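A structural model of the following input is requested.
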Amino acid sequence: MEALALAILLFVLFAFIGAYLRSPTIKGVRGERRVNSILDRQLPSGEYKVFHDVTLHSSQGPTQIDHIVLSRFGVFVIETKNYTGWIFGDANSKQWTQTIYGNKSRFQNPLCQNFKHTQAVESFLSLNSRYVHSIVVFVGDAEFKTALPNNVMHLRELGSYILTYRNPVLDTLCVSAITGMLSDHKEGQAMRQPH
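Residues are numbered from 1 along each chain as shown. Now for the predicted structure:
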């Protein structure tokens, strides 16, 4: 009888752990860590500054930005999506569709979501929109079933995509000032977090 109770307890425990690890929040965190790793490995640290998990205020309230990459070649605002299955969408749809074994679920068009992020970055940094580049990166094994814009990609394409921007648009003084603004903002953000 004790063995059966232990087996049931272990089954329930593993079921809870499995559900926790599959939760959208945990999947999102794991996806963002994978992007962090790629950005740190593939972008030369002397030319690129990377900021993770930045919350800025916009006209619609606070907005959480997964990654901001700063360089002389512009500011890259990256939205991370950790999805599997088939992905259907286009630049102009309000929602995209994820299909896994015939089960369909809809999610907000990440390009629209990231547009709000780029607007917040432009406003916070007082930058012209032509210097701010939106990127949506999928870190799961999602398969795109519709043609998507060039700035929507799989994780393996992220570093090389950013490195295609080779025309300097910001001078080193501007990059240094923006680095200071984002660093100060992140420090202030950390101080406001409950410990």
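
make it CA atoms for all contacts and neighbour counts henceforth
Will do.

Where do the strands of the protein begin and end?
49-58, 61-71, 74-81, 86-88, 95-100, 103-108, 132-138, 143-144, 152-154 (DSSP state E).

which strands and helices sit next to the last one?
With contacts defined as 3 or more CA pairs under 8 Å, 6 or more residues apart in numbering; DSSP states H and E, the secondary structure elements packing on strand 152-154 are strand 132-138.

State the mean pLDDT of the strand it packs on.
Average pLDDT, strand 132-138: 97.

now swap in stretch 74-91 and tell me
Rounded mean pLDDT across stretch 74-91 is 95.

Any idea how far apart the tips of that stretch sit?
Stretch 74-91 has an end-to-end distance of 22 Å (CA to CA, to the nearest Å).

Then stretch 160-170?
End-to-end distance (CA to CA), stretch 160-170: 20 Å.

pLDDT averaged over it, what's the number?
Here the average pLDDT along stretch 160-170 is 97.

Need the residues that contact it.
42-43, 71-74, 76, 131 (CA atoms under 8 Å, 6 or more residues apart in numbering).

In contact with residue 185, which residues?
Applying CA under 8 Å, 6+ apart, no residues qualify as near residue 185.

That one and residue 155, how far apart?
In terms of CA to CA, residue 185 sits 27 Å off from residue 155.

ditto for residue 34
From residue 34 over to residue 155 (counting by CA to CA), the distance is 8 Å.

More neighbours: which of the two?
It is residue 155, of residue 34 and residue 155, that has more neighbours when counted by other CA atoms under 10 Å, with 21 against 17.

So for the more buried one, what's the nearest residue that isn't a sequence neighbour?
With CA to CA, 6 or more residues apart in numbering as the criterion, residue 155 has its nearest non-adjacent residue at 5.2 Å, and that residue is residue 139.

Just the pLDDT at residue 187, thanks.
In this model, residue 187 carries a pLDDT of 81.

For stretch 42-53, measure first residue to last.
Terminal residues of stretch 42-53 lie 19 Å apart, using CA to CA.

in this structure, which segments are predicted with low confidence?
Along the chain, the model assigns pLDDT under 70 to residues 1, 4-31, 190-195.
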